[in-house]
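K.L.:
Sequence and predicted structure below; questions after.
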Amino acid sequence: MPHFSWPIDGSIVGLYLLITMIAGLLVRKYVSRVEDFLVAGREMNVYLGIASLAATEFGVITCMYTAQAGYTNGFAGAFPGLCQAVAMFVIGASGFCVKPLRDSGAMTLPELFEQRYGKFVRWLSGVVIVLGGLLNMGVFLKIGGDFLCLVCGFDIKYLVWIMGALLAMVAIYTILGGMLSVLVTDFLQFVVMSVGLVVVTVMVLANVGWEKLVLTVEHHHGAGGFNPLGNPSLGWAFVIMQLLGNTAANLTWQTTISRLLAAKDARTGRKIYTRTSFFFVCRWIIPGLWGIAALAILGWQPLQQLTGQERAGIPAAVQAKIEASKVGAPLAALTADENAALEPQIRNRLNDASLHAMPKFLSLFVPVGLMGLLIAAMLAADMSTDSSYMLGWGSVIYNDILAPFRRTAWSHSRGLLWNRCIVALIGVYLFIFGLLYTIEGNVWSYLLLTGSIYLSSMSVLLIGCCYWRRANNWGALGAIFLGAAVPVAHLAMEKIPGTARLAADIGKDWAGITAFAAAALGMVLGSLLKPRTA
Amino acid sequence: MTHGHGFWFYLTWGCVVWYAITTIYVAIRGSIDIKAMLRRLKERDSDDSGPGSASA
């Protein structure tokens, strides 16, 4: 039985929600201009920036996929966090790209691109950023709802209601207060989330124990559980993709750079980067440890995801193969015919076994009282991420995609109204997409692949814009088209039955690496091919 | 103590300790930042409405 108690844990969660909503709504009176709504009037200082960046980049979705990485790959699964931390520290310390970006005074990346590549590239960059970003965040709400249902022991039929309630609360204060409300609630959410994360992690280390965690990883993953290069499901392609993807994310991910752009000046923005960098190690290690603890306590039992009736419909030989499968890959040992004989719903449930292990473990491990703190922490994580992401992509839609339609300057009130409507529409999209879309395979790889629709081209455009004189609009268009074509084609191949196997053989990591290579090639060739004008 | 995996052992405990200390520090300094940010925005808004109120 899950340990959630309505009177005790429910009160803690209710109190947290009440305080957050009040804080988010109180600051809306300071929003009088579009600049306040999108970048908080550029008045953010270092520590608020650290809290906001950390809270934004840690949602329930983060907790779920990093725990899944720990469960399926042991400590080696936390390698992306090391890459991200190193990349962020180096970028912050050197000012690589981020200094010219902040100094430019732009509110979004495409706004900077217009200065070098022209209006059309600005508009197209906005479209690509929004496409990649919305595909990426489309799965946040459902996975957040999954987590809450599993930890609290709610019936999954309430998932839609939980998703709707979460979204409504976040949408209200984001629509009314914009970035100001987001920053203030992010701060509260950072504190609540961090306390919950640290307390539960200390409990895991004290009660499960380091020795058991290490022995579990050794037993299930061998040396590959500690070294990504020794892990057959990770390897060099994974390492290269993590280095590329995380560096590009630090340079161009809208919600990350919006903290840079909301900072008082470039120096403050760079400090936020260097001082938040180690948080990205914690962001992977802490939930990863929870995932390993879930494997140590619950083991790998994918068939438990199914009801007795569903299990009875699967031949005994297939059940034996699933039960003996490698952690996180329940269908890998099945033949194509055996795989096809399983209903899609059952395949999805089996694939979700590694994703759902951590919340199931926590539902049994965390005692009453602390469960309330954990749920509040995870709600805090989820709300801060959702609000920032809604605002982040909304700002690009308003500032860049709608820019050609604003022939004359809009009044502040009209601009604010449009921004609020855009955020509300993103909320509706999130709700619908979350209900309809099903992820194939590992969540983190999905996020990195959908992100690379724009990470690859936008990072190439940014570097070209800041440091290569020959970079021009032909190169920018080449980079955008080639950088987006590869991941979009891969995602489409995954969904088409005839090409799904080929897509799986290529893998998301190689598809992502190819996207970066294609974007760079497009930029170089396009820029060199354009005739120089006198 | 580390069971042959010192890197991950020290990194894990390093994360827990660093995160606990950072949370307390950022909680204090961040609240100061929020107050300062809201004060500056309020001053800016009152500056903006200054000429209008003077002529009224």
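P.N.:
Looks like it came in fine.

K.L.:
Could you use CA atoms for every contact and neighbour count after this?
P.N.:
Fine.

K.L.:
Identify the residues contacting whatever residue of the stretch 151-300 of chain A ends up closest to chain B.
P.N.:
Closest contact between the stretch 151-300 of chain A and chain B, by Cα to the nearest Cα, is at residue A:282 (5.3 Å). Contacts for residue A:282 were tallied using Cα atoms under 8 Å, 6 or more residues apart in numbering or on different chains; they are A:81, B:12, B:15-16, B:19.

K.L.:
What strand or helix carries the residue of chain B found nearest chain A?
P.N.:
Proximity of chain B to chain A (Cα to the nearest Cα) peaks at residue B:30, 4.5 Å away. Using DSSP states H and E, residue B:30 falls within helix B:6-55.

K.L.:
and residue B:8, what does it touch?
P.N.:
Residues in contact with residue B:8 (Cα under 8 Å, 6+ apart) are residue A:75.

K.L.:
nope, residue A:132 is what I was after
P.N.:
A:450-454.

K.L.:
out of these, who's nearest chain B?
P.N.:
residue A:451 (26.7 Å).

K.L.:
Does the closest residue to the closest one other than its chain neighbours lie in a helix or a strand, and which?
P.N.:
Counting by Cα to Cα, 6 or more residues apart in numbering or on different chains, residue A:451 lies nearest to residue A:132, which is 5.3 Å off, once chain neighbours are set aside. If you go by DSSP H and E, residue A:132 is part of helix A:119-137.

K.L.:
Equivalent analysis for residue A:193, please.
P.N.:
helix A:159-207.

K.L.:
Quick one: list the elements packing against that helix.
P.N.:
Judged by 3 or more Cα pairs under 8 Å, 6 or more residues apart in numbering or on different chains; DSSP states H and E, helix A:159-207 is in contact with helix A:8-26, helix A:34-39, helix A:46-56, helix A:140-152, helix A:279-298, helix A:370-396, helix A:412-436, helix B:6-55.

K.L.:
Report the distance from it to the chain centre.
P.N.:
Its chain's C-alpha centre and that of helix A:159-207 lie 15 Å apart, by Cα atoms, centre = their mean, to the nearest Å.

K.L.:
Could you give the average pLDDT over the next helix or strand after it?
P.N.:
Sequence order places helix A:210-221 as the next helix or strand after helix A:159-207, per DSSP H and E. The average pLDDT for helix A:210-221 rounds to 96.

K.L.:
in the helix or strand that helix A:210-221 is followed by, what's buried?
P.N.:
Sequence-wise, the next helix or strand downstream of helix A:210-221 (DSSP H and E) is helix A:235-252. Counting neighbours by 16 or more other Cα atoms under 10 Å in any protein chain shown, one finds that the buried residues in helix A:235-252 are A:236-239, A:241-252.

K.L.:
and the angle from helix A:235-252 to helix A:119-137?
P.N.:
Helix A:235-252 runs at 120 degrees relative to helix A:119-137, counting by axes from the mean of the first three to the mean of the last three Cα atoms, to 10 degrees.

K.L.:
how about the next helix or strand after helix A:235-252, does it reach chain B?
P.N.:
Next helix or strand after helix A:235-252 toward the C-terminus (DSSP H and E): helix A:254-262. No. Residues of helix A:254-262 are not located near chain B by Cα under 8 Å from any Cα of the partner chain, the shortest gap being 11.5 Å.

K.L.:
ok, residue A:158 - how many residues close by?
P.N.:
Neighbour count for residue A:158, taken as other Cα atoms under 10 Å in any protein chain shown: 13.

K.L.:
typed the wrong thing, it's residue A:533
P.N.:
4.

K.L.:
Kindly indicate whether it is helix, strand or coil.
P.N.:
coil (DSSP: H, G, I helix; E, B strand; the rest coil).

K.L.:
Could you give the number of residues near residue 33?
P.N.:
Picked chain A for this. When neighbours are counted by other Cα under 10 Å, residue A:33 registers 16.

K.L.:
right idea, wrong chain: chain B
P.N.:
20.

K.L.:
swap in residue A:341?
P.N.:
Neighbour tally, residue A:341, other Cα under 10 Å: 11.

K.L.:
distance of it from chain B?
P.N.:
42 Å (Cα to the nearest Cα, to the nearest Å).

K.L.:
Please state the backbone phi and psi of that residue?
P.N.:
In terms of degrees, to the nearest 10, the main-chain angles of residue A:341 are phi -70, psi -20.
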